Each structure stands twice: as C-alpha cells, then as structure tokens.
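A.B. asks: could you work out the structure for the sequence below:
(chains A and B)
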Amino acid sequence: MKRSSGVFLGLLVTGCLVTIFGGSASAQEVAVRGRVVYPVSQAPIENGVVWIRQGKIQAIGTSTEITLPEGIPVLEAEVVTPGLIDAHTVVGLSGALNQPHDQDQLERSAPMQPELRAIDAYNPRERLVDWVRSFGVTTIHTGHAPGQLISGQTMIVKTTGETVDDALMVPFAMVAATLGPAALSNDKGKSPGTRAKAVALLRGQFLEAREYLRKRNAEDPSKRPAANLRLDALAKVLTREVPFLVTAQASQDLMAALRVAREFDLDLVLDGAADSHLLLDELAAAEVPVILHPPMMRAHGDGENATMETALLLADRGIPFAFQSGFEAYVPKTRVVLFEAAIAAGHDLPFEATLRALTLGAAEILGVEERVGSLDPGKDGDVVLFDGDPFEYTSHVTGVVIDGRVVSDSLR
Amino acid sequence: MKRILSVVCAATGGLVAPAGAWCLQESPMAWEGARILTMDGEAIEQGVLLVHQGKIVAVGPAESVRIPEDAVRRDVSGKVLMPGLVCTHSHCGQPNGGDRSGPMHPGVRVLDGFNVRHPSIQKAQAGGVTTANVMSGSGHLLSGQTIYVKFRDGRTVEDLVIRGESGEVLGGMKMANGTNSRRDPPFPGSRAKSAALVREKFVAAQEYQRKRKAAEEDPEKQPPARDLAMEGLLEVLQGKRVVHHHTHRHDDILTVLRLSKEFGFRVVLHHVSDAGLVAEEIAAANAPCSIIVVDSPGGKIEAKDIALENGAVLEAAGVLVAFHTDDPITDSRLFFRSAALAVRAGMSRRTALEGLTIAGAKMLDLEDRVGSLVPGKDADFLVLSGDPLSVYTKVEETWIEGERVFQRSLEADRVFAVGGVGAGDDRVFSGCCYGPEEGADR
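C.D. replies: The predicted structure is shown next:
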C-alpha cells in the first residue's frame, strides 16, 4: 500500500479524475474535494473541500471558502464522507483462513476471563484488516468475541499500522460479555449450562469485584488485596471507566443485561440485540445504546426474530445505535460494515441517519467522538471517497485516507 | 382444492385484482406500463405482459400486444417486471442427503429429506427466487440426488418439484472435492484418494451400464440386479442428471474437469473461488460456472482467494455464469445483491442479470420453461419497485405459474421479507390457498 514519494496515479472514475499522490509528503498535507462532502456534524457541503494537515483536519468548507496552499495533493470524488467506524468486530484477532493459528478471538478454558487483553492478540497485518479498510472502514472496535459469559477485553484501533501500537486508539475499550445460548455449555458438570446460572455467575463476579475494589481502596496498605488481573478488569467496569458490552439477541437475555447493569450501576452497551425491536420502551427508558447486529445476520436460533428494519425502529425511537460487522464463524469470515449499513438504508433508514450511525453515532458510543466520526477541524484526517451513493450496491470506494495518509486507492 | 376455489372465484366474480391467483387463471391477466426486462433481448419500456393459465401468452410494447376483453388488467406503471430468479445452488427447505457411513451416496435423494414448510422457502419467495436447485451438502464426495423445484405454496414436496415429460422428478447430482469432503475414514484423507474413489465408482457404473445394455440386446443375458446407487450414476453417465460440483481451489477445479472428460458426465462448477487462475481451462472445457458472491474472502483455506471479480473474469473468458445463494450461506432475500456486487467488481449488468435468470435455467436444463419472459414459458415473474441492482429496490410481488406467492403489502408475507417474530417458524399451512383478502389464511 505504501508507495515511494512522487508516484503519480491517475484513475478515471465515472468521468471524474481522481489523482492520488502517495508517500510521506502526503502525511504532511492533503486535500479532498467532493461534489458532495458529508461532514456528518453539519449539513452536507456541495463542492466541498477537506484540508488535512499533519494528520488532522485543518479546515472544511466549500471550494470558494477554502484556499488551499499551492501544490498540495488534491484527491477528487463524487461523494466524501468521514472514515467509517465498525462499532464491533473481531477482525485482527480472527483471521481469514479460519485455522487455529489465526483464530484468537475466543478462549474457551473458562467462562469468565475479563483479564484477556485484545492488544495481546491483535494482528495488524491480517488480510481482513486490509479488506475492511479498502471499503472505507478506518476505525474498528475489535477484541474478544461473543461466545463466553465474559470473553475478554476489546480495544479501538485504526485499520493501519504495522504493530498494534501504531494502530491503537484505546487499548482497553470495554469488557465483552455474552448472554444467551451462545455462552452456555452443553458439557455435563460445566457452568453455565442455563441462562439463570449464567446471570448468577455474572452477579457473583461483580460482587467479588466490588469487594475487591472496597479492599483495594483501604487506607491501610496492609489490608489491600494482592493484585488480581481478573478483578482489576471488572473493577474498571464497576467504576464505569470502561463500559460493559453485552452481546445478547433474545429479549429475556437483553432484559437480564439491563437488570444486571441496574444492580451494579454499570455503563451498559448492548450488542447484537436481535429482539431490540420488541423492547423499544425498555431500551429507551434505560438510555442504553445498541451496537446493532448486522442487518444481514443469519436469523436463526436466539436471533430468529432479527429484522432488517431494526435500525429504522431504533432511530425512530431515538435510541442511540451503531452498525457492526459482528462475528462470523465460517464464510464470509467477516462482514463489511459499509454493506450492513447499506441494507438498513435499503430498508428505509434515511441516508443521513444511516451515515451518522456509521460514523459519529458509532464514535459517540465508543467514546472516541473527539477524534473521529465527523469532518471537523482538529479531528483525525480520516476520509473516504466514493464515486456515487456510498450505500448503493454498485458504487465504489475510490480512496481511503487515514490520519492524512492515502491508505487505499483501489477501486472497491 | 382447485375445484373448491373455482366455486369461490365464481362467487366473487373472479375478476377482482389482485385476487387469488388461481382465480386469475380463469381469465388472462395483463400487466401494463412497467419496464419489462424479459432477459431475451432489450428491455421494453412501458410494455405489456400477458399471462394466462400459468403461462406467458405475450410480452412486448403496448402497441404490439392485443389485450383480450376478458383480461384482468393491472397497471404497474413505474415498476419493473422481470423473470423469477433461478438459484442454481440452494439449501432452502433443510434438505439432507447421504450420512456419515461413507463418502458417496448416489442413490440418496433430497426428495426424501426436504421440509416443505421451512421458512427459508417463504424468504426465498420474498427475495424473488422462484426456481431452485435444492441440494444436500458438500461434506461428501457425492452427497446425493438434487431436486429442481419451484417455490410454489405447497403442502408436500411433490407440490414443489419440477417434473420431466414422463413425470419424473428433475434434478442433478451433488458432488464435492477439496477440503469439505476430506474427513476421517471411511472418507478420503487426501485429494488424490478423493479422485480415486470417484473414478472407482464411475468405473463400476460403466460396468453396470455395459451389463444392462448387454441384457437389453441379448435376451439370454440377465440384467444386473437393481442397484439404486448405480442407477443414480447411470443417469449421470447418460447425461440425464447434471453433476453440480462444489469446487474452490484451482487444482480441484481442474480435477473436476479431468473426471468430467474421462467419464463424459455433464458438469456445472459451483463456487469456483479460484476462477481467475483457471478461467481459460474452464472456458476450453465449456463448463458453466455457478458462483457465489460473499462479503469477504476466507472462512476456510480453499476460499481464501474468492473474489468479487470472479463474475467479471469468467464473463471475459466467455464462460456461462450464474449466481447462487447457497442459502443459508447467503440469504435468498438478498439474491439480487450477489449480481449487483459482481457488477460493482466489473461484470456487465446484462450478464449479471442473466446470471440470476436465464443462465441458471440453462444450467438446470430448464431454459425452455423458466428464466426469461417469452411466450410459452411459465408465468414466473417479479414486480419490482425499481432497478433490480439497486439496494433501494424492493420485490413487491412474486408470481409462479400465474399464482402470486408473495406480496410485500400483506403483513403475513412482509415478515418473511424483512424478518421479525414469525419469520423463523415453520409455516402453518391452512390446507387451502390464499384468498382475495389479506392472505390471512396462509
């Protein structure tokens, strides 16, 4: 993807000349012109320009308002949006080959292991990271997968970088839990084997963590407990330093998540939530955001009531939501969040609501709205170029910029 | 049942549109004003489609089609009409084939393991799929005999199957190579062993065929004892049953072509992940390809390089290309999307739309009956709200043989299009048809 400085590429895309300069010079300064630029935080700008300097957005406005410095590289596109955000994925921990050596998203040795860090398992060179980036995904919330009662931690990264440190935005974003059949064991003598037992175990963990936290805050250092990685992670959830991410599909599991969150005053984020369209009152009252299942999810088992219109219903009810690619065990190994949002748009979620959920709405739920999600001065220079309606099946992504660097110029 | 309905139709006059479809068959039905994609030549703007008794009677520009006086007329201005979609590789209806007792089951029929009430069928109707090749899985070298079906509203599998001239149930033979069928014994443990087992079986079938023929020619000779497996393979050798072959990796694709040549069986290559590496060889062998479009490469090693460009690459090589859902791998409600993503990756619109219709019909030997809107063919068609390749377009109605099987404006049908409570249930079938009212008895 990296190219030596001075290489010039001209792509003729639907009559529009896209000129991309690669290399280190562009890391300093680049501008993106669009027939329509969607800043998301404000109204669309016709004939807009985004000027990026030192990786950050320097200015945005109409081409008459913005005077660009002489000679800086200018990319052109029909439509320009902020970098897209996948609000929940396992990409980077889960790889394309689906072989044991590239599947690190789920540790099955115990049902609750909140001490497992995503940063210790993320492979920034994984092909699936390249794949989603080529479709405009610049920020991902990734980490341990659904499938254990507490599967581990999640983190937030950019889809660039050769090491996890290069990519990192938030090393410990949430603790990931799962309620429902996906996290139950069929093995004799193993817990949790039922929904009620799962919730009892979870409550027990939080009680233990609460006690640990109390002792850790003891004035007398000799009374403080020995450090415990598992309880340290849960303590951060109890103190609301990190949200508690609960993947659940069926209504009884969603209600159980609300109940536990209320009991321990957790900062809850619901994930999946196939039955959320049946619980709009409860979700609105609880003021809980939803990272919605992919609209194209296979609706079976506890997700059999999933609909392709749920995003529209959540939006109408004012419940904050974002899109995700989720977790896939087989083919395709990952979904593409742009495509998932497109299906919601195709099911009557208005264009700008769809784009918001895919950018700023996701950034708000993930707590990174100061840095990404909209095209505002001071924010990261993450921009996606399209040759038409971003959600239309036959449109293409023509370029992707992250932190002011052109990271993809392939026609996707 | 039809007799009872005629009585109902008589009572309601049988002329209320959109009334129960069987009623409409009593009189011709004319669809006027739509853009018609016949898949046989250029699109017709503001055309007329005339159907009667389950067949297409006429299609063409308004001035060229005479609408009979007794016809029920439907104004579909602003809509798009096109043939019902043909899915060349579907697992709708929870089909099953061979078991784990061995790697090859040519005597096993999907016909005997198909759930006609499974909601996947209604979801497929909602997606505009009207004809499908329903197959067992790819975990065997040969998992069984497939069935070609129409997704009619039926009570038994017999209501859905497509029959040949002598009443036989039409279908192909499902085979697979590569990694899915490589398992612990008695399954093969390597690619070479896989091919050897297949060859051994076909050699036995050739011998069976020779003995049958010898007995036919010489009354002194005893025909071989009936053997269901051999009979299945005999139909393959005779070209009556097309082999539908799961194959991904470039060398596996060539192995299929090699075996097809050796035994002279007709084959459709399915999935074909590495199409780009062997497109010339596929074209030279004149082997049609039924491809899948998935959202990312991988999920297993043999699909690690599967590309959105496969449709374009095969089109450029001159190969006949159809799409398939492999439902539930991709969702029948999103079948149009497969073709649209192939267009995104360089395939022509026309070939992509053919890949949803007439190309698939050809691969199932059904091109004289389905796949295009041509007089004499089955009245299997869709009413779309717009361009078939747009994410914003909705399938509004699906008709099979002049009967409406899906209407989005009916809540009972809509749930299968968008999902929700009830979309995951097996169908509760009333034992009768849907009527002119809300379709409440479905």
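
A.B. asks: can you tell if stretch B:31-38 touches chain A?
C.D. replies: No - no part of stretch B:31-38 sits close enough to chain A to count as contact by Cβ under 8 Å from any Cβ of the partner chain; the gap is at least 16.0 Å. C-beta: built from backbone N, CA, C; applies to glycine.

A.B. asks: quick one: buried residues of that stretch?
C.D. replies: Within stretch B:31-38, the residues that count as buried by 16 or more other Cβ atoms under 10 Å in any protein chain shown are B:31-38.

A.B. asks: of the residues you listed, which belong to strands?
C.D. replies: If you go by DSSP state E, those have B:31-36 in strands.

A.B. asks: closest to A:Ala59 out of the residues you listed?
C.D. replies: Lowest distance from A:Ala59 to those (Cβ to Cβ) belongs to B:Arg35, with 45.5 Å.

A.B. asks: that closest one: what's it in contact with?
C.D. replies: B:43-47, B:79-81 (Cβ atoms under 8 Å, 6 or more residues apart in numbering or on different chains).

A.B. asks: separation between it and B:Glu45?
C.D. replies: For B:Arg35, the distance to B:Glu45 under the criterion Cβ to Cβ, to the nearest Å works out to 6 Å.

A.B. asks: sorry, back to before: ok, so of the contacts of B:Arg35, who is nearest chain A?
C.D. replies: B:Val80 (15.3 Å; Cβ to the nearest Cβ).

A.B. asks: quick check on the closest residue to the closest one other than its chain neighbours: phi, psi?
C.D. replies: Using Cβ to Cβ, 6 or more residues apart in numbering or on different chains and skipping the chain neighbours, the partner closest in space to B:Val80 is B:Leu384 (4.2 Å). B:Leu384 adopts backbone torsions of phi -110, psi 150, taken as degrees, to the nearest 10.

A.B. asks: next: B:Val65.
C.D. replies: Backbone torsions for B:Val65, taken as degrees, to the nearest 10, come to phi -110, psi 120.

A.B. asks: measure it to chain A for me?
C.D. replies: Using Cβ to the nearest Cβ, to the nearest Å, B:Val65 is found at 32 Å from chain A.

A.B. asks: number of residues surrounding that residue?
C.D. replies: With neighbours defined by other Cβ atoms under 10 Å in any protein chain shown, the count for B:Val65 comes to 17.

A.B. asks: which residue packs closest to it, ignoring adjacent ones?
C.D. replies: Sequence neighbours aside, B:Val48 is the residue nearest to B:Val65 in space, at 4.1 Å (criterion: Cβ to Cβ, 6+ apart).

A.B. asks: so the one you found sits right up against B:Ala58, yeah?
C.D. replies: Yes - taking contacts as Cβ atoms under 8 Å, B:Val48 lies within contact range of B:Ala58: 7.2 Å.

A.B. asks: what helix or strand is residue 140 on?
C.D. replies: As the question left the chain open, I've gone with chain A. In this assignment (DSSP states H and E), A:Ile140 forms part of strand A:137-143.

A.B. asks: that was the other one, I meant chain B.
C.D. replies: With elements delineated by DSSP H and E, B:His140 resides in a region that no helix or strand encompasses.

A.B. asks: who in the stretch 201-350 of chain B is up against chain A?
C.D. replies: For the stretch 201-350 of chain B, the contact set with chain A under Cβ under 8 Å from any Cβ comprises B:294-301, B:303-304, B:328-329, B:331, B:334, B:337, B:340-341, B:343-344.

A.B. asks: so how far is B:Lys79 from the residue nearest to B:Val80?
C.D. replies: Between B:Leu384 and B:Lys79 the distance is 6 Å, computed by Cβ to Cβ.

A.B. asks: spit out the contact partners of the spatially most central residue of chain A.
C.D. replies: Centroid-nearest residue in chain A, with Cα atoms, centre = their mean: A:Ala87, separated by 2.1 Å. With Cβ under 8 Å, 6+ apart as the criterion, the residues that contact A:Ala87 are A:141, A:291, A:322-324, A:337, A:362, A:365-366.

A.B. asks: closest one of the residues you listed to chain B?
C.D. replies: Within these, distances to chain B taken as Cβ to the nearest Cβ reach their minimum at A:Val337, with 10.2 Å.

A.B. asks: is the closest one in contact with A:Thr139, as I believe?
C.D. replies: No - if you go by Cβ under 8 Å, A:Val337 and A:Thr139 don't touch, sitting 10.2 Å apart.

A.B. asks: which residues in the stretch 51-200 of chain B form strands?
C.D. replies: Across the stretch 51-200 of chain B, reading from the start of the chain, the strands by DSSP state E, counting those that start in this stretch fall at B:55-61, B:72-75, B:80-83, B:85-90, B:129-134, B:142-145, B:147-150, B:173-176.

A.B. asks: packing partners of the fourth one?
C.D. replies: In this case it means strand B:85-90. For strand B:85-90, the packing partners by 3 or more Cβ pairs under 8 Å, 6 or more residues apart in numbering or on different chains; DSSP states H and E come out as strand B:129-134, strand B:267-271, strand B:321-323, helix B:335-344, helix B:358-363.

A.B. asks: ok, the second one next?
C.D. replies: Here strand B:72-75 touches strand B:29-36, going by 3+ Cβ pairs under 8 Å, 6+ apart.

A.B. asks: parallel or antiparallel, which strands does the strand it packs on pair with?
C.D. replies: Here the strand partners of strand B:29-36, with direction, are listed using DSSP bridges: strand B:44-52 (antiparallel), strand B:72-75 (parallel), strand B:80-83 (parallel).

A.B. asks: for that strand, list the C-alpha coordinates in CSV.
C.D. replies: Coordinates of the C-alpha atoms in strand B:29-36 are reproduced here as CSV (Å, rounded to 0.1, in the frame of the first residue of the first chain):
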residue,chain,number,x,y,z
MET,B,29,-54.1,-11.2,-16.9
ALA,B,30,-52.4,-8.1,-18.5
TRP,B,31,-49.7,-6.2,-16.7
GLU,B,32,-49.4,-2.8,-18.2
GLY,B,33,-47.0,0.1,-18.1
ALA,B,34,-43.9,-1.4,-16.5
ARG,B,35,-40.4,-1.5,-17.7
ILE,B,36,-40.0,-5.2,-18.7
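
A.B. asks: closest one to B:Gln238 among the helices and strands packed on strand B:85-90?
C.D. replies: The minimum distance between B:Gln238 and the helices and strands packed on strand B:85-90 falls on strand B:267-271, with 14.2 Å, by Cβ to Cβ.

A.B. asks: what about the closest one, distance to the chain center?
C.D. replies: Centroid displacement of strand B:267-271 relative to its chain, using Cα atoms, centre = their mean, to the nearest Å, is 13 Å.

A.B. asks: with mean pLDDT as new columns, can the helices and strands packed on strand B:85-90 be given to me in CSV?
C.D. replies: Formatted as CSV, the entries for those read as follows, by pLDDT from 0 to 100:
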stretch, mean pLDDT
strand B:129-134, 98
strand B:267-271, 98
strand B:321-323, 98
helix B:335-344, 98
helix B:358-363, 98
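
A.B. asks: sorry, back to before: which residues are common contacts for A:Val337 and A:Thr139?
C.D. replies: Common neighbours of A:Val337 and A:Thr139, using Cβ under 8 Å, 6+ apart, are A:84-86.

A.B. asks: quick check: residues of the stretch 251-400 of chain A near chain B?
C.D. replies: Residues of the stretch 251-400 of chain A lying close to chain B (Cβ under 8 Å from any Cβ) are A:277-278, A:296, A:298-300, A:304-309, A:328, A:330-336, A:339, A:342-343, A:345-347, A:391-396.
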